[in-house]
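> Just the structure for this:
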Amino acid sequence: DPDYLKSSVSNCKLKKIGIFAGIAMNRIVQPIKCIRSLCNFRNIGDFRILIIPAFLVLAFSPIVSAQQGSGRFYVSADAGNNGNGSQARPFSSLSEAESASKAGDTIYLVSNNQGMLIDGGITLKPRQKLLGVDANGNVLEDVNQRVQLTNTASLPGGVMVQLADNNEVAGIHFMNMGNYAITGENTNYSGTYIHHTSFTGNAGEHIEDERGLVYAISFNGTEGDLTDIRVEDSRFYYGEDLGAIRVFQSGDSRGSYLFQRNDFSDLGGRAYFVRTQHNSRVETTILDSTADNIGRGNRNSDSIIPYLMGQSEQIMLVRNYHFKNTNQEGNASNTGIEAYMFGNPRPDEANWCTACKLTFKIFDSVIENAVTDGIQFSNAGTNSELVYEIRGTKIIGGNPRQGGGAISLNLQSTADSGSHTTLLVENTEMIGTTGYGFAMNNRGGGEFAAVIDFGGGALGSVGKNSFVDNERGAMRVPPSRITASDNWWNGGLPRVYNAEDEVFPDSGVEFAPLLNENPR
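This is a model prediction of the structure:
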């Protein structure tokens, strides 16, 4: 009601009170009284509705937006000089955007038609977004359209993106890395969301990780709880000295990571490398990912590896992972998937596993044509607690040269290590390797504690596994009770061997009853 509003404003004597000046000078009481007089309560049925004049909402809403960090800045490789970061006059460098922006802002990298690369790096502030977009502001999800970014700074610099907490990075193609493309280095990087990104190539000169590599994404957690970290819908390819995603967790820190729908090909380094140290604990979920030709440069680069040291703990789930090695890249230690408890006879005794814990589950996956063992679990530590499950998975081909099997279980490298291992396998195929379908090794000698269930055993496996055309035989095992009922043994009785690769009639493998037809 205009007349009501006019009367209320007059009664409040806004000119004398100076409502906005009053707020600025912390004279709160009188302005609040004025605002209350400007507000009108209307009765509708059983409810009282507060009507606030529109000019008050408009007056105060910019203050709220500024507090939330709603700034937007644009960067383009072909921008002219003296840009102000607006869409019409973008910055030409990431450093300008870093200086001008604040926490919560969004920095847009704008694609251009000349194929020019943005060169440089940025340290993001909390809650900032770094997004590669088209002319309409849409994130560039198409792998061939993403904004190209590199960093030619002299080493030891050259990081492209330094993370803070709750950052989002998307729509960018990171190229020719001399150092990490994206890193969370001894900081709180909780809430990181990286998606629709690409990573290719490595600089001739680069910061070397183990085996002469540089990793595209590196998370280095040293303290606190680091949660809700995601890398999704991204591609890592064509880099002989390039690895993909690395997690190094240490101290008493905790971490949780979700990696899904990522693709890896033609890399020297691992696809997923998760290492824990000291008393740290990490939960990792890996979903719907693919990998091919991992291990270029004749490397030992198992495509997925939980790698434990000290007294650390990991829980890892791998589901719907499709690995193959079309070009047979890598050396004789380059498995498809491995788990490793660090220890004897490696140097660095201070970091040997002395009470590591690992729960590792591999479901609904395909491991095809590994250079060596398809899946290998190795314990070089002492007092390790190891829980393994493989369900609904295919291990096809491969030339096992470490543990000797499509699935290899290396119980201990130290006699009487005090470790305890369980392995459940069901609805899984071990097909066409040059070794055994399953190999269990006790290279440290002495006593061991292990429960192995391929069907009908204490762990609840339903069996229904297929052992088909493995050149050396179905199993190689030390004297041990292994339950393996309700499985398919290529239409006959299983051939079981001992550690000397001799037929082992008293192996302790309980394989009856046999299935009459291949369940797969």
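> contacting residues for Val425?
Contacts here follow Cβ atoms under 8 Å, 6 or more residues apart in numbering; on that basis Val425 touches 389-391, 407, 438, 453-454, 461, 465. (Glycine included, C-beta is placed from N, CA and C.)
> which SSE is it in?
strand 420-426 (DSSP states H and E).
> buried ones in that strand?
Across strand 420-426, burial judged by 16 or more other Cβ atoms under 10 Å covers 421-426.
> Sheet partners, orientation included, of it?
Next to strand 420-426 in the sheet, as set by DSSP bridges, lie strand 385-391 (parallel), strand 449-455 (parallel).
> what's the helix or strand just after the last one packed up against?
What it means is strand 449-455. Remark: after strand 449-455, the chain's next helix or strand is strand 466-468, criterion DSSP H and E. With contacts defined as 3 or more Cβ pairs under 8 Å, 6 or more residues apart in numbering; DSSP states H and E, strand 466-468 has these neighbours: strand 429-431.
> Against which helices or strands is the strand it packs on packed?
Contact analysis of strand 429-431 by 3+ Cβ pairs under 8 Å, 6+ apart lists strand 394-396, strand 405-410, strand 466-468 as its packing neighbours.
> So for the most centrally placed residue in the chain, what's the pLDDT?
Centroid-nearest residue in the chain, with Cα atoms, centre = their mean: Phe259, separated by 3.8 Å. Per-residue pLDDT puts Phe259 at 98.
> How about the one 5 residues further on?
Confidence per residue is given as pLDDT, and for Phe264 that number is 98.
> Surely Tyr340 and Gln314 touch.
No. At 10.8 Å, Tyr340 does not count as touching Gln314 under the criterion of Cβ atoms under 8 Å.
> What average pLDDT does the strand holding Val425 get?
The predicted model gives strand 420-426 an average pLDDT of 98.
> swap in stretch 489-506?
91.
> what's the straight distance from one end of it to the other?
Terminal residues of stretch 489-506 are spaced 18 Å apart (Cα to Cα, to the nearest Å).
> Off-centre distance for it?
For stretch 489-506, the separation from the chain centroid amounts to 39 Å (computed by Cα atoms, centre = their mean, to the nearest Å).
> Same check on stretch 387-398?
The mean C-alpha position of stretch 387-398 is separated from the chain mean by 21 Å, Cα atoms, centre = their mean.
> Which residues does that stretch contact?
Stretch 387-398 has contacts (Cβ under 8 Å, 6+ apart) with 336, 339, 358-375, 377, 406-407, 409, 421-435.
> can you pull out the helices in the chain?
For the chain, applying DSSP state H gives helices covering 2-12, 14-17, 19-24, 29-38, 54-68, 94-100.
> what number of residues lie near Lys102?
The tally of other residues near Lys102 (other Cβ atoms under 10 Å) stands at 12.
> Including distance to Asn518 and neighbour count, could the contacts of Val425 go into CSV?
Converted to CSV, the contacts of Val425 look like this (distance: Cβ to Cβ, whole Å; neighbours: other Cβ atoms under 10 Å):
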residue, distance to Asn518, neighbour count
Glu389, 22, 19
Ile390, 18, 27
Arg391, 18, 17
Ile407, 18, 31
Phe438, 17, 33
Asp453, 20, 22
Phe454, 15, 30
Ser461, 17, 27
Asn465, 10, 27
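> out of the residues you listed, which one sits closest to Thr483?
Asp453 (5.3 Å; Cβ to Cβ).
> quick revisit: give the residues shared as contacts by Tyr340 and Gln314.
Shared contacts of Tyr340 and Gln314, defined by Cβ under 8 Å, 6+ apart, comprise 306, 308.
> what comes into contact with stretch 292-299?
211-212, 240-241, 264-271, 301-303, 323-327, 329-331, 334, 371.
> for stretch 134-149, that is, sorry about that
Outside stretch 134-149, the residues within contact range by Cβ under 8 Å, 6+ apart are 77, 108-111, 115-119, 131-133, 160, 170-175, 196-198, 233, 235.
> so where's the stretch 51-200 of the chain uncertain?
51-70 (pLDDT under 70).
> can we see that at 90?
Low-confidence segments of the stretch 51-200 of the chain (pLDDT under 90): 51-70, 80-82, 111-116, 135, 186.
> and the contacts of stretch 387-398, which are buried?
Counted by 16+ other Cβ under 10 Å, the contacts of stretch 387-398 give 336, 339, 358-375, 377, 406-407, 409, 421-433, 435 as buried.
> Give me the number of neighbouring residues for the closest residue to Gln412 other than its chain neighbours.
Of all residues not flanking Gln412 in the chain, Gly444 sits nearest, at 4.1 Å (Cβ to Cβ, 6 or more residues apart in numbering). By other Cβ under 10 Å, 19 other residues sit near Gly444.
> distance of Gly444 from Gly184?
Look at Gly444 and Gly184: by Cβ to Cβ, to the nearest Å, they are 37 Å apart.
> For Gly184, name its beta-bridge partners.
Beta bridges link Gly184 to Phe219 when assigned by DSSP bridges.
> Could you report the neighbour count for it?
24.
> Ser365 - nearest residue in space that isn't next to it in sequence?
In space, not counting the residues next to it along the chain, Ser365 is nearest to Tyr321; the distance is 4.2 Å by Cβ to Cβ, 6+ apart.
> Is there a neighbour count for that neighbour? I'd like the number.
A count of nearby residues for Tyr321, using other Cβ under 10 Å, gives 24.
> wait, isn't Leu258 in contact with Thr227?
No. Judged on Cβ under 8 Å, Leu258 makes no contact with Thr227 at a distance of 10.2 Å.
> Can you work out which residues contact both of these two?
Contact criterion Cβ under 8 Å, 6+ apart; no residue bridges Leu258 and Thr227 by contacting each.
> which ones are touching Ala100?
73, 85, 91.
> can you tell me how far the last one sits from Asn442?
If I follow you right, that is Phe91. For Phe91, the distance to Asn442 (Cβ to Cβ) stands at 62 Å.
> The two - which one has more neighbours?
Neighbours per residue (other Cβ under 10 Å) separate Phe91 from Asn442, with Phe91 holding more: 24 against 21.
> Near the residue lying closest to Asp292 once chain neighbours are set aside, how many other residues are there?
Counting by Cβ to Cβ, 6+ apart, Ser265 is the residue found nearest to Asp292 once chain neighbours are left out, at 4.6 Å. Neighbour count for Ser265, taken as other Cβ under 10 Å: 19.
> Now do the same contact list for Ser265.
Neighbours of Ser265 in contact, by Cβ under 8 Å, 6+ apart: 236-238, 291-294.
> which among those gets closest to Tyr497?
Taking Cβ to Cβ as the measure, Tyr497 lies nearest Ile294 of these, at 30.0 Å.
> Not counting its neighbours along the chain, what's nearest the closest one?
Distance criterion Cβ to Cβ, 6+ apart; nearest residue to Ile294, sequence neighbours excluded, is Ser303 at 4.5 Å.
> Touching, that neighbour and Phe273? I think so.
No. Applying Cβ under 8 Å as the test, Ser303 and Phe273 come out as separate, 9.4 Å apart.
> Please state the offset of stretch 192-206 from the chain centre?
14 Å.
> do the same with stretch 108-121
Relative to the centre of its chain, stretch 108-121 is centred 26 Å away, using Cα atoms, centre = their mean.
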